[in-house]
Every structure is written in structure tokens, then in C-alpha cells.
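Chemist: next comes the sequence, and after it the predicted model I'd like to discuss.
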Amino acid sequence: MISLEALRFSLKVNAQTCRLPRQAAALITIKDTIVTKVLKLATVAAFTLAALSAQAATEPAVIYDTAGKFDKSFNEAVFRNGVELYNKDKGVKVKEFEPQNEAQREQGLRRLASRGNSPIVAVGFNMQSAVEKVATEFPKVQFTIIDSVIDKPNVQSVVFKEHEGSFLVGALAAMASKTGKVGFIGGMDIPLIRKFQCGFEQGAKYVNPKMDVFQNMTGSTPAAFADPAKGAELAKSQFAKGADVVYAAAGGTGIGVYQAAKDEGKLAIGVDSNQNHLQPGTMLTSMVKAVGLAAYQTWDDASKGTWKAGVKSMGLAEGGVDWALDDNNKSLVTADMKTKMDTIKADLIAGKIKVHDYMADNSCKY
């Protein structure tokens, strides 16, 4: 027979033996958990390093046109809605260059490229010649030009469907007009500005086929975008003919148009950036071009490694153009006008309304 003491010893040994596998399993589980966590941390670290490396590889820059970044229009829209937002969102300083004359466009662009900046956003069609030359000299640098098309493997060309946005503000002008006469004042007489004019005319006549649409161009050189006095003179001549709403696609020249509209008790329409705040109560609306968004996307895409050369076209459907409604002009736009504008915008996006693009055949036949 087995003694009671022997039985107790045997049970104790067996119990300990049975616990060993559980302890071993627990130890293995702990080790597995630690390994898994280490692997996860390593993976996160790898992705973080990759992201930082991508960002470190980009040195974003912008070169404005000679009007400067505080032109209250095209260039300032790039600065306010592109440069400032990117600096804030990404914590990455965008290098800026403001040429003081035409020669400095190419000089400034070459300086940025030679210092390793990339991608470089060139603001405006006047930068075309400079970008073509410098992009050839620096094939590894990425360039984005706004409002022009350059066919090179390291250049992205961003263009806008200004005729769609101008159609919208033309429609609103016709709704607001009491005389049945509206006007357009362009800057430099080139196909791009004619594109604005033609879209505006089509929009006005879509609402009122009998609408009279006056039009004037300020000049034939880039200086036509920086002549407020001439803008005011042209606006007053159109007001004298009976126009009570005038749309200016003329850069800094438009400032004179808006002042003249205020002085004469008429309405004006801004362009490129939201200019409603410049003359509250006078500015019926602004045809907004998302040039700041285009610049922001260029730098962001490059930091992610998704920047691509080629043509990028931005219209109503892409959020590239629109009309502006805010506290500065809401008293001028009735609920009925707003409803009609929403319908027209939706029909344009859906393709129910077709707008002729002047630059398709250099004519305003529609």
C-alpha cells in the first residue's frame, strides 16, 4: 500500500508538472505579443521615415508675375489660398520670388531651380517663355505653370475653364441688370481674356437673349493688367452707354473699374480671387479661379510622389472655377437669383448647358 504521505507527494509533483506547460504557453504568448508590437512599431517607423524622406526631397517654391503677390487678384489668390495655407498645414516654408520686371522672371526662375527648389509654381501665362528655357536647363526639377501649356516631361500645365465661370457671372449680371445692358473690361487683348469675355456674353444672353453686352480691352501689353486709371475710364464709358453691371478680367486694372462702379452707383464683378470685400455693396460677385488650390496641390502631390507632368484642366466640376457669394454681396443676390444660379451651375456640370470656348477656334460663335 501507498502511504498517505507518499500519495500527497505524488499529487503535488503531478500538479506542478501539469502547470509547467501553462507557464510555458504564457511565456510564449508574452514573447509573441512583444514581437508583434516591435514589428508594428518598425512598420510605422518605416512609413514615417518614407513620408519624411518624400517631404525632405521637395523644396517647394513659387514665382509670381510682375504684378506682385499683393495685386488683390490673380497673384494674391496664389499667395493667400496656396502659399499661406501650405505653410500652415504642412509646416513647410514655400520659397517665394517676386520679379520686378520682365527680365527677372527668367532670372528668378533660374535662381530657384539652381538652388534645388522643386516643384516651382510659375504664376501666369507671362511666365511661359521663362519656364520653357529654364525647364530645359534643369530637367530634374519639376515646374508647374498656371494658365499656359508647355509640353515638356518636367512641366505640369494647369489651365482653367474660365468660360464656364464667366458664363455663371454673366447669367447673374443679366439677372441683376435693370437696363438690359452689361459690360466687360479685359486686361491684355489675348485669346485667354477673350475666353472670359465670350463666356460672360453667353451667360448674359442665356438669361436674356436681348441683352446688350459692351466690351473693351485695356491694351496689348502686360501693362494692361496694372492700369486702374484706364480701367476706371473704360468703365465710365460703358456706364454712359447704359451698362449697370460691369465684369472686369483685368488684374490690377480692375481696381479702377470697381471704384468707378461705386462712384457711379453701378455694380461690378471681380475676378480670379474673391474680390467682393473690395467694394461691399458694389461687387455683385466674383468669378473665382482656384489658382491657390492648383499651387497647393502641386506641392502636396510632389511631397507624396504623385506629381505628374502634362495638362491639368480645372472647371466647375473639378472645383476650379465658381462664383462667390458671401456677407459682402448677399444683399444683392435674392433667393430667386440664388436658386436660378444653382440650377444653371448644376446644368453646366451635367453638360446640359454647353459653353463655347473662345480658345477652341479664336472666335465667339455660339
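Modeler: That came through fine. Predicted, not measured: the structure shown is a model, and the values here were computed from it.
Chemist: so where's this protein shaky on pLDDT?
Modeler: Within the chain, the ranges that satisfy pLDDT under 70 run 1-57.
Chemist: where do the helices sit along it?
Modeler: For the chain, the helices defined by DSSP state H cover 4-56, 74-78, 84-90, 103-114, 128-137, 162-176, 191-207, 228-240, 254-264, 291-304, 335-350, 358-361.
Chemist: so for residue 283, which of these sits nearest?
Modeler: Nearest of these to residue 283, taken as CB to CB: helix 254-264 at 6.6 Å. (C-beta placed from N, C-alpha, C; glycine too.)
Chemist: rewinding a little: deepest of the helices of the chain, which one?
Modeler: helix 162-176 (a mean of 27; mean count of other CB atoms under 10 Å).
Chemist: could you say what helices and strands that one packs with?
Modeler: strand 181-188, helix 191-207, strand 245-249, strand 267-272, strand 283-289, strand 321-323, helix 335-350 (3 or more CB pairs under 8 Å, 6 or more residues apart in numbering; DSSP states H and E).
Chemist: need these in a markdown table (columns: distance to residue 309).
Modeler: As requested, the helices and strands packed on helix 162-176 are exported to a markdown table (distance: least, CB to CB, whole Å):
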| stretch | distance to residue 309 |
| --- | --- |
| strand 181-188 | 27 |
| helix 191-207 | 21 |
| strand 245-249 | 28 |
| strand 267-272 | 25 |
| strand 283-289 | 22 |
| strand 321-323 | 23 |
| helix 335-350 | 27 |
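Chemist: nearest to residue 366, out of those?
Modeler: Taking CB to CB, helix 191-207 is the member of the helices and strands packed on helix 162-176 nearest to residue 366, at 5.5 Å.
Chemist: the residue lying closest to residue 128 once chain neighbours are set aside and residue 129, how far apart?
Modeler: Take residue 128 and drop its neighbours on the chain: the residue closest to it by CB to CB, 6 or more residues apart in numbering is residue 148, 4.5 Å away. From residue 148 across to residue 129, the span is 10 Å (CB to CB, to the nearest Å).
Chemist: residues touching the residue nearest to residue 128, list them.
Modeler: Neighbour list for residue 148: 124, 125, 127, 128, 131, 157, 159 [criterion: CB atoms under 8 Å, 6 or more residues apart in numbering].
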